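**Student:** Fold the stuff below for me.
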Amino acid sequence: MPPQESSTLTASPPAKSVYAKYLAALGPGFLFAGAAIGTSHVVQSTRAGAEYGIGLLGFILLAVLLKYPSFFFGPFYVSVTGKSLVEGYRQTFGKSVVALFALVQIPVTAIIIAAIAITTAGLAGSIVPLTLSPPTVAVILIALCCALTFVGGYKLLDWVNKVFIVILSVTTVFAALAAVPLVDWTLYPATAVSPLWSTATFITLVAVLGLMPSDITLAIMNSLWSEARNKNQGMRSDTAAEKIDFNIGYIGAAVLAACFVIMGAGVMHSQGITPADGAVGFASQVISLYTSTLGEWSGVVVGISAFTVMLTTLLTVLDGFPRMITASYYTFTREADTEETRTLEGGRAFLVCMVGLSLLAIVILYTLMGSFRLFMDFVMVVAFLISPILATLNHLTANGSTVPLALRPSRLINAWSWLAIATLTLLSLGYIYVRFIY
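**Tutor:** Numbering: from 1, shown residues only. All right, here's what the predicted structure looks like:
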């Protein structure tokens with residue numbers, strides 16, 4: 001039987017300086033950044049820069065700005081209710097919605113884990129010569145990350161992630177600055193692989209923006225991490241502290257997305273080089289291009305940057321996804337009006353979810369990775385198509401009966417959220433039309 005813990009938390013921290021209060025709240029936002037800055041950045045952002053120069057950079061930053069409320073509602077909900085969005089879904093929409101959410105997420109999360117693991121393995125092979133095949137290295141990385149997150153729990157995950165975030169941020173910014181002089185700063189260069197107003201560019205945009213800065217399920221994971229931090233500290237961070245923590249991670253993810261676009265535009269698009277299709281080939285290509293263009297030092301910096309990015313992402317999703325599925329499972333194993341007292345980490349249910357998702361990801365690694373680019377595009381398109389649904393669920397939960405009227409989001413953030421939902425819906429319908437009907 002999983003360990004029990006009290007869910008009673010003080011709604012506000014004991015007297016302490018404002019600085020100390022906000023410092024104590026830091027953590028989930030960094031985990032958000034660690035999970036977000038992954039394949040979408042290293043692969044898709046760099047590829048966008050390689051194929052379109054900086055032509056898609058404005059769209060990427062606009063997508064990050066547009067989706068802000070949908071992601072922010074995760075930590076916001078915890079700050080006003082003390083509960084995660086999974087529990088918010090249950091109380092607002094009922095167990096059937098949580099069940100449908102979990103059933104959809106299980107295969108999607110396994111695919112994402114497989115994509116992250118094979119990319120990380122490819123980068124490892126580009127930095128250090130390895131005799132093992134990339135899928136085998138990916139399996140080893142999955143096993144090591146699972147062991148670390150299961151044994152260490154939220155505290156260890158938070159500490160390791162912060163160290164990795166510092167390393168990847170410094171090295172990525174240095175690599176991008178090195179590429180700046182090589183970039184053609186034309187808003188939409190004539191050398192882009194397709195015209196701006198074309199079907200091909202629209203389909204590419206959907207693939208790139210689907211996980212930019214991340215899949216909206218990360219809002220649910222963020223709420224679970226905020227809940228875990230609150231339980232570790234024995235108090236609930238207020239909305240202001242949650243917002244600062246979230247904004248640091250969210251803005252950081254946006255900045256680093258721009259960095260990877262610049263890297264692709266500088267060392268690949270400027271030389272007319274077509275990105276390699278496979279994870280290993282693409283990783284080796286980017287590192288070798290930096291080395292040949294800017295010198296040996298730059299290849300080392302880019303290698304460390306990209307590998308740290310992907311390892312951080314793999315570590316965080318192997319905690320976040322099982323945590324999310326476990327929380328969904330727990331909604332079905334207790335009475336509707338009772339308080340959840342079981343911990344999400346270190347218990348049998350969490351272990352089963354972690355091992356199950358990992359095994360499914362390993363099966364995918366050995367069976368569905370024939371074309372890495374098509375595989376990644378599929379993942380991102382699926383993420384994009386379900387984004388309007390998750391954004392709507394988050395909006396309605398944050399404005400639902402479980403949140404006191406006086407504490408609900410402002411009119412501005414609600415209008416912003418509805419704009420995001422409408423835009424994502426129209427783009428999803430447009431993609432379906434262009435891809436399958438037109």
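**Student:** moving C-terminal of the worst-scoring helix or strand of the chain on mean pLDDT, what's the next helix or strand?
**Tutor:** Within the chain, judged by mean pLDDT, DSSP states H and E, the helix or strand with the poorest mean is helix 18-25; its value is a mean of 55. Counting by DSSP states H and E, the next helix or strand C-terminal to helix 18-25 is helix 28-36.
**Student:** What count of nearby residues applies to residue 359?
**Tutor:** Burial measure for residue 359: 12 neighbouring residues, criterion other CB atoms under 10 Å. All C-beta spots, glycine's among them, are computed from the backbone N, C-alpha and C.
**Student:** Make sure I have this right: it is in a helix.
**Tutor:** Yes. Assessed with DSSP: H, G, I helix; E, B strand; the rest coil, residue 359 lies in a helix.
**Student:** How much space separates it from residue 99?
**Tutor:** From residue 359 over to residue 99 the distance is 22 Å, taken as CB to CB, to the nearest Å.
**Student:** And for residue 409?
**Tutor:** 27 Å.
**Student:** and if you look at residue 324?
**Tutor:** From residue 324 over to residue 99 (counting by CB to CB), the distance is 13 Å.
**Student:** if you count what's nearby, which of the two comes out ahead?
**Tutor:** Remark: of residue 324 and residue 99, residue 324 carries more neighbours, 27 against 15, as counted by other CB under 10 Å.
**Student:** can you map out the helices along the stretch 1-150 of the chain?
**Tutor:** 18-25, 28-36, 39, 46-52, 57-66, 68-81, 85-93, 95-127, 134-179 (DSSP state H, counting those that start in this stretch).
**Student:** Distance to residue 195 added to those helices, as TSV?
**Tutor:** TSV is the format used below for these (distance: least, CB to CB, whole Å):
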stretch	distance to residue 195
helix 18-25	46
helix 28-36	30
helix 39	27
helix 46-52	11
helix 57-66	14
helix 68-81	30
helix 85-93	40
helix 95-127	29
helix 134-179	25
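**Student:** Single out the most deeply packed of those.
**Tutor:** Highest mean neighbour count among the helices of the stretch 1-150 of the chain (mean count of other CB atoms under 10 Å): helix 28-36, with a mean of 29.
**Student:** Residues contacting that helix from elsewhere in the structure, which ones?
**Tutor:** 71, 75, 157-158, 161-162, 164-165, 213-214, 218, 221-222, 225-226, 229, 242, 244-250, 252-253, 256, 312-313, 315-317, 320 (CB atoms under 8 Å, 6 or more residues apart in numbering).
**Student:** now with 7 Å?
**Tutor:** Outside helix 28-36, the residues within contact range by CB atoms under 7 Å, 6 or more residues apart in numbering are 75, 158, 161-162, 164-165, 213-214, 218, 221-222, 225-226, 229, 245-246, 248-250, 252-253, 312-313, 316-317, 320.
**Student:** what's the closest of the helices of the stretch 1-150 of the chain to residue 389?
**Tutor:** Nearest of these to residue 389, taken as CB to CB: helix 95-127 at 9.0 Å.
**Student:** Give me the angle between that closest one and helix 134-179.
**Tutor:** Calculated by axes from the mean of the first three to the mean of the last three CA atoms, to 10 degrees, helix 95-127 forms an angle of 80 degrees with helix 134-179.
**Student:** Contacts for stretch 349-365 next, please.
**Tutor:** Counting by CB under 7 Å, 6+ apart, 2, 109-111, 113-114, 117-118, 135, 138-139, 142, 146, 150, 318, 321-323, 325-326, 329, 344 sit against stretch 349-365.
**Student:** hang on, I meant stretch 97-107
**Tutor:** 86, 89-90, 217, 324-325, 328, 331, 386.
**Student:** Closest one to residue 67 out of those residues, please.
**Tutor:** Of all the contacts of stretch 97-107, residue 67 sits closest to residue 217, with 12.2 Å by CB to CB.
**Student:** how much space between that closest one and residue 95?
**Tutor:** For residue 217, the distance to residue 95 - CB to CB - is 18 Å.
**Student:** for residue 239, same thing?
**Tutor:** 28 Å.
**Student:** repeat for residue 174
**Tutor:** Counting by CB to CB, the gap from residue 174 to residue 95 is 49 Å.
**Student:** Now do the end-to-end distance for stretch 206-216.
**Tutor:** One end of stretch 206-216 sits 14 Å from the other (CA to CA, to the nearest Å).
**Student:** Just the ones in strands from the contacts of helix 28-36, please.
**Tutor:** Within the contacts of helix 28-36, no residue falls in strands by DSSP state E.
**Student:** Just the angle for the helix or strand hosting residue 258 relative to helix 57-66, thanks.
**Tutor:** Assigned by DSSP H and E, residue 258 falls within helix 239-267. If you take the same axes, to 10 degrees, helix 239-267 sits at 170 degrees to helix 57-66.
**Student:** For the stretch 1-150 of the chain, give me the ranges with low pLDDT.
**Tutor:** 1-26 (pLDDT under 70).
**Student:** can you do 80?
**Tutor:** Along the stretch 1-150 of the chain, segments meeting pLDDT under 80 span 1-27, 38-40, 42-43, 126.
**Student:** average pLDDT across stretch 399-406?
**Tutor:** For stretch 399-406, the mean pLDDT works out to 94.
**Student:** Repeat that for stretch 234-243.
**Tutor:** 86.
**Student:** Please state the offset of that stretch from the chain centre?
**Tutor:** Computed by CA atoms, centre = their mean, to the nearest Å, the chain-centroid distance of stretch 234-243 equals 22 Å.
**Student:** what about residue 295, how many residues close to it?
**Tutor:** 12.
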